[in-house]
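Student: have a look; sequence and predicted model below, questions after that.
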Amino acid sequence: MIVTVKELDRAVIRFSGDSGDGMQLTGTLFSTLSAVFGNEISTFPDYPAEIRAPQGTLSGVSGYQVHIGNKVYTPGDKADVLVAMNPAALKVNVKNIKKDTVVLIDVDAFDENGLKKALYKTLDPIEELKLGSVQIVSVPISTLVKESLADSGMGNKDILRSKNMFALGLICWLFNKPIEEAMHLLNRKFGKKPTILEANIKVLTDGFNYGHNIHASVSTYNIQPTEMPKGIYTDVKGNEATAWGLIAAAQQAGLQLFLGSYPITPASEILQELSARKDLGVITVQAEDEIAGVCTAIGASFAGNLAATSTSGPGLALKAEGINLAVMAELPLVIVDVQRGGPSTGLPTKTEQSDLLQALYGRNGESPLVVLAASTPSNCFDFAYTASKLALEHMTPVILLTDGFLANGSSAWRLPDLSQYPAIHPPFVHKEMQDKWAPYLRNEEGSRYWAVPGMEGFAHRVGGLEKDSRTGAISTDPANHQLMTDLRQQKIDNIAKVIPPLQLSGDSQADLLVVGWGGTYGHLYSAVQQFNEQGSQAALAHFNYINPLPANTEEVLNKFKKIVVCELNSGQFASYLRSKLKLKGEVLQYNKVQGQPFTVEELIQHFTAIL
Amino acid sequence: MQTSYTINDFKSDQYVRWCPGCGNHAVLNSIQKAMSEIGISPDNTAVISGIGCSSRLPYYVNTYGFHTIHGRASAIATGVKVANPKLAVWQITGDGDCLAIGGNHFIHTVRRNIDINLVQMNNGMYGLTKGQYAPTSKRGFVSKSSPYGTVEDPFNAADLCFGAGGQFFARIMDVDLKNSQEVMKLAAKHQGCSVVEALVNCIIFNDGTHKDVSAKDVREDHTIFLRHGERMIFGKDRNKGLIVDGFKLKVVKIGENGITENDILIHDAKCQDKTLHFKLGHMRAPEFPLALGIIRDAEAPVYDQDVYAQLEEVKPKHNFKSLNDFFMSLETWEIK
Ligand SMILES: Cc1ncc(C[n+]2csc(CCOP(=O)(O)OP(=O)(O)O)c2C)c(N)n1
Ligand code: SF4
Ligand SMILES: [Mg+2]
């Protein structure tokens, strides 16, 4: 029998199984080895909300989607290949597959008991789920793994833990990927546990060979490597990139990095990663709550550190008063908000962009600050760096918005050459200015000078009460309050001069402008590209700088007859743009609040409908 | 470099705006005195406060100062100290600021044992907002927000402090400047979180709140000033003392029932076991004398020191000189 090999530009593979089945690891290994092979990657995990839901149930299904190939900007809408380790995983993912998806199942798990746990009504899941057209590849994975490790001396339970490696071996076969890289990765991961390592490698190899030997009726796939810029690469998740961006900024500014934080999904990894980076001199305090998280950071900023706090929406709400203290005292502070579904506790593990207005306006008084938004997992690094630079140089809090999608998603990332990053120069006081210095004396950019405890001759008092515009002494003078209000606003407005202008992608002569911000970039970019490839015309304006907006925003937006602002909320950025700009064209909205990213397909459908 | 200071080095040019007769004035004085005696310059001192009459204090001290937001001074002071442990960090707070809105931060700061000097001005209510009851107000306290009296019991700062694992707790009174200065200096010298509760009078909204212990005529009989290594003797005639009776403390008279001076307890502020400190801190007049002075002054690991010790321990493990070194330790691949 001749096995055919199909050449593909890209493919979406979704690994799914019980939360104990190790699907996250399998997915990560596959995406990394594909990246090492030279494919672009984008991944997205889909965890269950429960830590350990009952085994085999629908609520316990854990998924990991990997998109590999070239021109990969999202983890993909629907899977070309689905791995379903049990009946629950198959059922949950019906909505994530196409008519002709290859579905690889562990047929051993599809017994009466397994089907019952996943609430099937019949004993024929394929018929019941109407999957007649998909290509099912049934493999008795559990049985084969037991055989594979029969002589290992391991217990049954431990043996079955390696099921995921069998699946990985099969997928490597299906995509014609060498398994040596997978072995290398396993070595790094389990190097200190030789029994587990050996078992995993054995099962991986057996899975791979099984694929070769069964001559399943499916063809295998080849996805050629993409030409990528030269350099050293790693794969990075958004939260890691954010943490590393902060470290990079501290290193460039010559300051100690301090993080005050309180664990919250989906932001906790920033605290965890920075806590692990004590080996780079990072100081972290896991505070007693979010308020103390931001307040310890404010204290550290007062004492001259690059200070940051990380959280998600509910935590940002708690931090509001503290952030305002930094607004008033004009201290540098980076606040990272990894957005999740709200309001209240909302959807902790799901993504959303609904904290925008909270970030912009969620504080008492006139409280201007800088708001930035990262747009890919890897550029979380750049925007954490930029947030720090703007905070330090302009003596202001900066809120960096990321989201659950960016935080947990990963992409391949070329390691940055920090010498190419702009230097960071906080406006520290210096000896020569001692005679004419006052705590609220400002430089040309409107930032006050930074005098840090320990500096001789600059002892002074600051606080949250309104202050005299020069001396910083408490002042309730009406004209002074107006002046200070204006100065704080001007300081932020001035930042528009140092940020890059808004740039378009797609067809800049089109009638339709698609507008987005933050974590939806990959989907919007892919949608506009594909829309234009299909013969239609649209351009994309994607924002990373929210407040202040790039100086040319109004000019750029007014070149288009129709604007559609697409965001994962009910229209917050759209109303912000309307309030900030005089827009001539029609401003439409496309909003989704389902805790899920956009799909490229639904975006294209929507663009088509409005043109 | 200057290494010795006078109290004037720590006075700012700001006019002190507390009401004449406010107990805070005396505490300010003993803080400035202590600062001048520990040999740390004003430029290396940071005074962090919350919000309240008492929290205005940083403006009156010629150091780096931060008058922050209500209840959060503990957290902000923690950030300052961890960011730069070389600084002498003081936290100034009121009973409301510290024990109501800031209660959570207070207990965790004590628990961590971070090296700050925390001075809490207890005037038994909220001064700045003009006289509502506080978590320190006695049951039945009549105030603007409790016109029929409160129906809740107060916190005792000492109980909270020890309950949170506190290693240093002292109590002083505004009317007793000499002892206050002595205590404040030792508090400043203590390594770890030193909590000083200052009983202060609010002449405007709660005049006489502490008079059952502070009034001249009752003071000696209703308070006991504890000093490490000295016998727990008190009273106008210095003839009363404390002994342990079963699980309880007991007031006895020297010379009565065969009690001699040698039967009276000797104060051991440095004892690791907190049991007796708990009881001493809990004593209330009139059954017992209110304990003043340093009730506990014990050694324990200090948070900010350990944060840096851990850093030094961890750094050589990977020996990263820069972020790039760390990147190179990750799983990487090269595109040529
Ligand atoms: C978030 C917030 N809530 C309430 C207030 C109002 N407030 C200011 S001071 C204060 C109480 C102060 O009492 P205390 O700490 O005992 O200080 P005192 O004035 O008695 O010295 C209150 C409730 C505030 N400033 N901020
Ligand atoms: S109102 Fe009371 S606490 Fe406030 S300054 Fe006056 S006397 Fe002191
Ligand atoms: Mg008070």
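Tutor: Done, it's in. Ligands and ions are numbered 1, 2, ... in the order given.
Student: would you mind giving both backbone torsions of residue 262?
Tutor: Since no chain was named, I'll use chain A. Taking degrees, to the nearest 10, you get phi -140, psi 130 for the backbone angles of residue A:262.
Student: I was thinking of chain B, sorry if that wasn't clear
Tutor: phi -70, psi -20.
Student: residue A:106 touches residue A:139, doesn't it?
Tutor: Yes: the pair residue A:106 / residue A:139 is scored as a contact, 6.6 Å apart, by C-beta atoms under 8 Å. Just so you know, the C-beta spots here come from the backbone N, C-alpha and C atoms, and that holds for glycine as well.
Student: what about the chain, any weak spots by pLDDT?
Tutor: Reading this off chain A. Within chain A, the set of residues satisfying pLDDT under 70 comprises A:1-3, A:215-217.
Student: that's the wrong chain, I wanted chain B
Tutor: Applying pLDDT under 70 to chain B flags residues B:1.
Student: near ligand 2, which residues of it are found?
Tutor: Residues of chain B that fall close to ligand 2, judged by C-beta under 6 Å from any ligand atom: B:18-19, B:22, B:24, B:53, B:123, B:127, B:202-205.
Student: among those residues, which one has the most neighbours?
Tutor: residue B:123 (30 neighbours; other C-beta atoms under 10 Å in any protein chain shown).
Student: the closest residue in space to it that isn't next to it in sequence: what's it in contact with?
Tutor: Nearest residue to residue B:123 in three dimensions, chain neighbours excluded: residue B:202, at 4.1 Å (C-beta to C-beta, 6 or more residues apart in numbering or on different chains). The neighbours of residue B:202, taking C-beta atoms under 8 Å, 6 or more residues apart in numbering or on different chains as the test, are B:22-23, B:53, B:123-125, B:127, B:209.
Student: more neighbours, residue A:106 and residue A:139?
Tutor: The neighbour comparison of residue A:106 against residue A:139 (other C-beta under 10 Å) goes to residue A:106, with 26 against 20.
Student: what's stretch A:184-199 in contact with?
Tutor: By C-beta under 8 Å, 6+ apart, the list of residues contacting stretch A:184-199 reads A:25, A:29, A:32-33, A:149, A:152, A:154, A:158-159, A:162, A:165, A:200-201, A:204, B:331.
Student: so which bits of that stretch are buried?
Tutor: Using 16 or more other C-beta atoms under 10 Å in any protein chain shown as the test for burial, stretch A:184-199 gives A:185-186, A:189-190, A:196-197, A:199.
Student: which of the three states applies to residue 13?
Tutor: I'll assume chain A. State at residue A:13, reduced to three classes by DSSP: H, G, I helix; E, B strand; the rest coil: strand.
Student: hmm, no, I was thinking of chain B.
Tutor: With three-state DSSP as the basis, residue B:13 sits in coil.
Student: who's in contact with the residue lying closest to it once chain neighbours are set aside?
Tutor: Nearest residue to residue B:13, sequence neighbours excluded (C-beta to C-beta, 6+ apart): residue B:62, at 7.8 Å. Going by C-beta under 8 Å, 6+ apart, residue B:62 touches A:459, B:9-13, B:42.
Student: do residue A:44 as well
Tutor: Residue A:44 is in contact with A:64-65, A:75, A:405, A:408-409, A:597, counting by C-beta under 8 Å, 6+ apart.
Student: how far away is the nearest residue to residue A:497 once chain neighbours are set aside from residue A:494?
Tutor: Distances taken as C-beta to C-beta, 6+ apart place residue A:551 nearest to residue A:497, at 6.9 Å, with adjacent residues excluded. For residue A:551, the distance to residue A:494 equals 11 Å [C-beta to C-beta, to the nearest Å].
Student: now residue A:594
Tutor: Remark: distance between residue A:594 and residue A:494 (C-beta to C-beta) = 39 Å.
Student: neighbour count for those two, which is higher?
Tutor: With neighbours defined as other C-beta under 10 Å, residue A:594 and residue A:494 compare such that residue A:494 has more, 15 against 12.
Student: strands - which of the contacts of stretch A:184-199 land there?
Tutor: Within the contacts of stretch A:184-199, no residue falls in strands by DSSP state E.
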